[in-house]
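>>> need a 3D model of the sequence below.
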Amino acid sequence: MTEPVETTWYLLKALQEHPQTSQRELAETLGVSLGKLNYCLKALIEKGWVKVGNFSRNANKKGYVYLLTPRGIHAKTRLGIQFLQRKMQEYDRLRQEIEALQQEIEASD
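All right, here's what the predicted structure looks like:
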């Protein structure tokens, strides 16, 4: 899957928290198109990170449940660590930039 770590992590997280969510709802939650979400889901299924099943109590019989496999749970954890590391680096860069701007402003007063 060539999707960014962030998108994959958010998708795995959403599926774990709400396995019966529709693809349309997932797309809206993640802020991606329905086509992109479908592409991402297929990739996760092919990797063996997610399995899909119908839930029989759904009145329209078109509902699916998306379950993370043990491999999917492991991948979510690994991606979460990568995501957190990247966000911490971004935070450090932003903090340095803010400090530099504050010093610049103070020096110009």
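>>> alpha carbons only for contacts and neighbour counts from here, please
OK.
>>> and the longest helix seen in the chain, how far from the chain's centre?
Among all segments of the chain classified by DSSP state H, the helix with the greatest residue count is helix 70-108. Centroid displacement of helix 70-108 relative to its chain, using Cα atoms, centre = their mean, to the nearest Å, is 17 Å.
>>> got the buried residues for it?
72-73, 75-76, 79-80, 83 (16 or more other Cα atoms under 10 Å).
>>> return the member of those residues nearest to L44.
Set against L44, the nearest of the buried residues of helix 70-108 by Cα to Cα is G72 (8.1 Å).
>>> tell me the spacing between that closest one and R78.
Going from G72 to R78 by Cα to Cα, to the nearest Å gives 10 Å.
>>> before we move on, back to that, what is the longest helix of the chain packed up against?
helix 5-17 (3 or more Cα pairs under 8 Å, 6 or more residues apart in numbering; DSSP states H and E).
>>> so who does the nearest residue to Q20 once chain neighbours are set aside touch?
Spatially, and ignoring its direct neighbours in sequence, Q20 is nearest to V65 (4.5 Å; Cα to Cα, 6 or more residues apart in numbering). Residues in contact with V65 (Cα atoms under 8 Å, 6 or more residues apart in numbering) are 19-21, 52-55.
>>> can you flag the buried ones in those?
Judged by 16+ other Cα under 10 Å, buried ones among the contacts of V65: 19-20.
>>> ok, back up a step: could I get the average pLDDT for whatever helix or strand the residue nearest to Q20 lives in?
Assessed by DSSP states H and E, V65 sits inside strand 64-68. Averaged across strand 64-68, pLDDT comes to 90.
>>> what about it, distance to the chain center?
For strand 64-68, the distance to the chain centre is 15 Å (Cα atoms, centre = their mean).
>>> fine, thanks again, bye for now.
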